[in-house]
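Q: quick one, structure for this:
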Amino acid sequence: MDCLPNVLRAVPQYHMFSPGDRVLVAVSGGPDSVAMLHALHASAEKLGIALCVAHFNHCLRGSESDQDERFVAELAETLSLPCRIGRGDVGGYRKETGLGEEEAARELRYKFLHNCLSELHCNKLAVGHTADDRAETVLLNILRGTGLEGLASMRAVSSYTVRPLIETWRTEVIDYLHANGIAYRIDSSNLDVSYLRNRIRLQLLPLLEQDYNPQVKAALLRLGKLSERDHDALSQLASQVAVAVECGSVLDARLVSGLLPAVAAELIREEIQRVRGNLADITYEHIDRIVTAVLSGEDFAMELPGGSIVVEKRGTELRVVPCETSKQQVEPFEIELSVPGLTHIPTLGVSIDAQVLEKVRVLQVKPTVALLDAEKISGKLRVRNPRPGDRIRPFGMQGRKKLQDVFVDKKIPPSERRRAAVVVDDEKVLWVVGVTASEEARITEHTSCIIRLVAVPDQ
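A: A predicted model of the protein is given here:
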């Protein structure tokens, strides 16, 4: 690979291609993407790859955009490469999505490129970002406020996307084009300082170079690479830890609270991304609030931006779920039992039939039936949702257990736990309805008055 053009030095460094790859080259017509296409075309045989070209016309600059489109189409024809041209209504898409112009243009462009990958049977997408672009992105993300992932953005290889020029400075790209007599287009919008990125490129970076550090772009690039390395290490550690703290489709909040905060935060971020599909609008503050809430030990539910995902802790379970799933949680209730009588629990669709007996001929050991010694009951009986900290001494056992542990022992699925109910007196839990009664109210041969409770599904 030593004979590759110097502008492609990132290609062997990051092992971007394998023989047999079909590479879709995204070409805007500007110097970076044109230099990338020419260099890859000159090296395609050595690399053992086939190239296709794609150009997306954002239709934002009138005839100038149309001229860029024609230029790329003619360039692809000159190089005898397959070419796909796309067009998009950025303005209409902005109104539809509420995105800014740059974000809307980017989304439309990448949707088009993704379709081209499938249409042309390509397995790699080459984009023309340079070392300057990465340095600018690091600085841009610093100004916006970012963590390791933001500092590590614009990687050399990310899934099927590769950046052959990511180790090449923009001045080197221009030198390559001039040395080889290669024509290219100039995008006039790159001089428009109403765009933040352009202000960073044209105003802030020159100021930093002049007054603070002549090598500021190299320093920013180095920061990006170091952040990429450290973020990869943290992500790998979080993935390894996830194996230990996962319990089915949920995380064990007790184990998560024992992790280093950085690892816990990364674990939660990755779980949000897995369920939601992306981390758009998820900030440091959101993740920090979740980690802090987990460490508090209290139950909580936090809805994330977009209104589609909730992070919730119930007992020892920490879950990231769609809002619809979270809304299945039963509203809090507490109802005094009629003894004797029938007490309806509307939110559960269940009634509890209470009878007062002097004795029972046959001891019924059923989860749907509880037999309580009336003399061991303090105050009035009530039925309510389980609460954090609730404990019971299960029938036949010596010590008390958290209800969460009882549910786990009895293999009660999370969906059923959300609809659980307990019967309590003024001091203790006497019956986890349908699961187990308490040893503390167990009837004996000395019991003179029995309260028999039966859970009856409503018709």
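Q: and stretch 184-200, average pLDDT?
A: Mean per-residue pLDDT for stretch 184-200: 91.
Q: could I get the buried residue list for that stretch?
A: Neighbour counts over stretch 184-200 (16 or more other CB atoms under 10 Å) mark 184, 185, 187, 195, 200 as buried. C-beta coordinates here come from the backbone N, C-alpha and C atoms, glycine included.
Q: stretch 261-274 now?
A: Within stretch 261-274, judged by 16+ other CB under 10 Å, the buried ones are 263, 264, 265, 266, 267, 268, 269, 270, 271, 272.
Q: residues contacting the last one?
A: Residue 272 makes contact with 279, 282, 304, 309, 311, 320 under the criterion CB atoms under 8 Å, 6 or more residues apart in numbering.
Q: what's the answer for residue 149, then?
A: Residues near residue 149 by CB under 8 Å, 6+ apart: 231, 269.
Q: go with 6 Å
A: Each residue near residue 149 by CB atoms under 6 Å, 6 or more residues apart in numbering is listed here: residue 231.
Q: now swap in residue 323 and tell me
A: For residue 323, the contact set (CB under 6 Å, 6+ apart) comprises 308, 310.
Q: which pLDDT value belongs to it?
A: We have a pLDDT of 70 for residue 323.
Q: go on, residue 287?
A: Among the per-residue scores, residue 287 shows a pLDDT of 91.
Q: relative to residue 34, how far out is it?
A: Distance of residue 287 to residue 34, computed by CB to CB, to the nearest Å: 41 Å.
Q: neighbour count winner among these two?
A: residue 34 (24 against 21; other CB atoms under 10 Å).
Q: in this structure that one contacts residue 185, no?
A: No: using CB atoms under 6 Å as the test, residue 34 is too far from residue 185 to be in contact (7.7 Å).
Q: please parse this protein into its domains.
A: Taking automatic domain parsing as the reference, the chain has its domains at 6-220, 248-326, 334-457.
Q: list the buried ones in the longest helix seen in the chain?
A: With secondary structure taken from DSSP state H, the chain has its longest helix at helix 216-245. By neighbour count on 16+ other CB under 10 Å, the buried set for helix 216-245 is 216-217, 220-221, 223-225, 227-228, 231, 234-235, 237-238, 241-242, 245.
Q: between the buried residues of stretch 184-200, which is nearest residue 98?
A: Ranked by distance to residue 98 (CB to CB), these are led by residue 195 at 18.4 Å.
Q: from residue 140, how far out is the nearest residue to that closest one once chain neighbours are set aside?
A: Of all residues not flanking residue 195 in the chain, residue 102 sits nearest, at 6.7 Å (CB to CB, 6 or more residues apart in numbering). Between residue 102 and residue 140 the computed distance is 11 Å (CB to CB).
Q: quick one: which of these two has more around it?
A: Taking neighbours as other CB under 10 Å, residue 102 and residue 140 compare with residue 140 leading, 19 against 12.
Q: C-terminal to the least confident helix or strand in the chain by mean pLDDT, what's the next element?
A: Sorted by mean pLDDT, DSSP states H and E, the helices and strands of the chain end with helix 323-326, the least confident at a mean of 60. Note on helix 323-326: by DSSP states H and E, the next helix or strand toward the C-terminus is strand 334-336.
Q: hang on, isn't residue 451 packed against residue 372?
A: Yes: if you go by CB under 6 Å, residue 451 and residue 372 touch, sitting 4.6 Å apart.
Q: higher neighbour count, those two?
A: Remark: of residue 451 and residue 372, residue 372 carries more neighbours, 26 against 23, as counted by other CB under 10 Å.
Q: residue ranges with poor pLDDT in this protein?
A: Across the chain, the ranges flagged by pLDDT under 70 are 1-2, 247-249, 307, 324-330, 360-367, 411, 413-418, 458-459.
Q: and the most centrally placed residue in it, helix, strand or coil?
A: Nearest residue to the geometric centre of the chain (CA atoms, centre = their mean): residue 273, 1.4 Å. Assigned by DSSP: H, G, I helix; E, B strand; the rest coil, the conformation of residue 273 is helix.
Q: heads up, I number from 56, so please use that
A: Yep, numbering from 56; the last one is residue 328 now.
Q: and the gap between residue 65 and residue 307?
A: Distance from residue 65 to residue 307, by CB to CB: 42 Å.
Q: residue 315 too?
A: 16 Å.
Q: okay, the buried residues of stretch 239-255 in CSV with secondary structure and distance to residue 511 next?
A: What follows is the buried residues of stretch 239-255, written out as CSV (DSSP: H, G, I helix; E, B strand; the rest coil; distance: CB to CB, whole Å):
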residue, secondary structure, distance to residue 511
239, coil, 79
240, coil, 77
242, coil, 73
250, coil, 67
255, helix, 69
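Q: turn these into JSON lines, including distance to residue 203.
A: As requested, these are exported to JSON lines (distance: CB to CB, whole Å):
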{"residue": "239", "distance to residue 203": "35"}
{"residue": "240", "distance to residue 203": "36"}
{"residue": "242", "distance to residue 203": "31"}
{"residue": "250", "distance to residue 203": "26"}
{"residue": "255", "distance to residue 203": "20"}
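Q: my read: residue 209 touches residue 191, true?
A: No: look at residue 209 against residue 191 with CB under 6 Å: they stay out of range, at 9.2 Å.
Q: where does the residue nearest to residue 250 sit, in terms of helix or strand?
A: Assigned by DSSP H and E, residue 157 belongs to helix 156-174.
Q: centre of the chain to that helix, how far?
A: Averaging C-alpha positions (CA atoms, centre = their mean, to the nearest Å) puts helix 156-174 21 Å from its chain's average.
Q: partner strands of the helix or strand following it and their direction?
A: The helix or strand immediately downstream of helix 156-174 is strand 179-181, counting by DSSP H and E. Strand pairing for strand 179-181, determined by DSSP bridges: strand 77-81 (parallel), strand 216-217 (parallel).
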